[in-house]
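Undergrad: what shape does this take:
(one chain, ligands or ions: 1)
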Amino acid sequence: MTVLAFIGLGIMGGPMAANLVKAGYDVIGYDTNHSALASLQNLGGRSAGSIAQAVTDADVVITMLPDSPDVQAVALGEEGIYANARAGTLHIDCSSIRPDIAQQLARRATDLGLRAVDAPVSGGEVGAIEALLSIMVGGQPDDVSEAQQILQHVGSTIVHVGPHGAGQTVKAANQLIVAGTIQLVAEAIVFLEAYGVDTTAAVKVLAGGLAGNAILDRKVTSMLQRDFTPGFRIDLHHKDMGILTSAARDAGVIIPLGSHVAQLIASLRASGHGQLDHTALLLLVERLSGRDLQSAKV
Ligand code: NAD
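TA: The predicted structure follows:
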């Protein structure tokens, strides 16, 4: 039986690891949050007391951590994955991190006789629970094929998009589109409400035309209810907009709307809303329009 170490059992990693247990893998989890480990154990996984313990006997190590420094620490630290994994182990990093850091990790893995692919995901918590994630994979073709055998149990669209780091570049583009779309849907909601339009009816017809999009399909009900329970936290989308704007700048690509939405997300975070779902951009549109009297439920 393939032994999988899974490090980072949060909103996304928890259900992903659970689906891998269901698929029949021997999953050894590690997280600094003990309750996340207990949940995995209840579902039939094993829990490790350290990264070293999780990865020593693993064939494949999956990481699902918040940000680039977290992945670097967990992979490259003295007690980390690369210092303790067996030769040939495949590291699949599903976290959303900087493309240049993904490339750096892959080089280091190769130097140490290990293998790495970047495999960030899209589809949110529901996608993780239902194993319907869209996964963009960067790396060597053989390693990507091996990763796909595992990732098919957590996602439904898995595409090899190029060499190391390419998965993260595609993920940055994904986050640009998601942030911009949420902002436009939020502006449409505040506009419709200002005119007293039945928003449920409006959303139904909008979703069927050229304005249709995944935010209208999956997120609008909670937005209309002002329920900003995460989901995907503003803090994490702020991190992703930083990755995007920096990578676009490095490439000399101008993203006026992306930069604008990045500032709006940064503003929400600066005003203490970093823990809300990213659909809380709606709060900011209300505030800018002087219509921010409704309170957010979390
Ligand atoms: P999360 O904060 O819910 O989970 C991260 C987990 O990592 C936590 O359980 C935390 O305790 C653990 N962790 C942090 N540092 C650790 C360490 N040093 N050792 C072991 N465990 C550690 O975050 P999330 O929402 O699951 O997101 C994870 C990644 O997936 C991020 O890069 C995010 O951008 C990306 N992502 C999230 C979503 C979403 O909807 N939440 C969707 C797509 C991609």
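Undergrad: does residue 101 really touch residue 67, like I thought?
TA: No. Between residue 101 and residue 67 there is no contact under C-beta atoms under 8 Å: 9.6 Å. Placement of C-beta: from N, CA and C, glycine included.
Undergrad: and these two? which has more neighbours close in?
TA: Of the pair residue 101 and residue 67, residue 101 is the one with more neighbours under other C-beta atoms under 10 Å, namely 21 against 18.
Undergrad: need the pLDDT of the closest residue to residue 116 other than its chain neighbours.
TA: Leaving aside its chain neighbours, residue 116 sits nearest to residue 109 (3.9 Å; criterion: C-beta to C-beta, 6 or more residues apart in numbering). On pLDDT, residue 109 comes in at 98.
Undergrad: quick one: the nearest residue to residue 73 once chain neighbours are set aside from residue 26, how far?
TA: Nearest residue to residue 73, sequence neighbours excluded (C-beta to C-beta, 6+ apart): residue 80, at 6.9 Å. As for residue 80, its distance to residue 26 is 21 Å (criterion: C-beta to C-beta, to the nearest Å).
Undergrad: how about the strands in the stretch 51-200 of the chain?
TA: Ranges of strands in the stretch 51-200 of the chain, per DSSP state E, counting those that start in this stretch, are 60-63, 90-93, 115-118, 121-122, 133-138, 155-162.
Undergrad: these: which one's closest to the ligand?
TA: strand 121-122 (5.1 Å; C-beta to the nearest ligand atom).
Undergrad: can you measure across stretch 221-232, start residue to end residue?
TA: End-to-end distance for stretch 221-232: 16 Å, by C-alpha to C-alpha, to the nearest Å.
Undergrad: so is it next to the ligand?
TA: Yes. Interface with the ligand: stretch 221-232 contributes 231-232 (C-beta under 6 Å from any ligand atom).
Undergrad: I'd like to know how far residue 91 sits from residue 188.
TA: Taking C-beta to C-beta, one finds residue 91 at 42 Å from residue 188.
Undergrad: the two: which is more packed in?
TA: A direct count of neighbours by other C-beta under 10 Å for residue 91 and residue 188 places residue 91 higher, at 31 against 18.
Undergrad: list the beta-bridge partners for the more buried one.
TA: residue 61, residue 116 (DSSP bridges).
Undergrad: for the residue nearest to residue 73, give its distance to the ligand.
TA: For residue 80, the distance to the ligand (C-beta to the nearest ligand atom, to the nearest Å) stands at 9 Å.
Undergrad: count the neighbours of that residue for me.
TA: 19.
Undergrad: wait, isn't it in contact with residue 65?
TA: No. Counting by C-beta under 8 Å, residue 80 stays clear of residue 65, with 11.6 Å between them.
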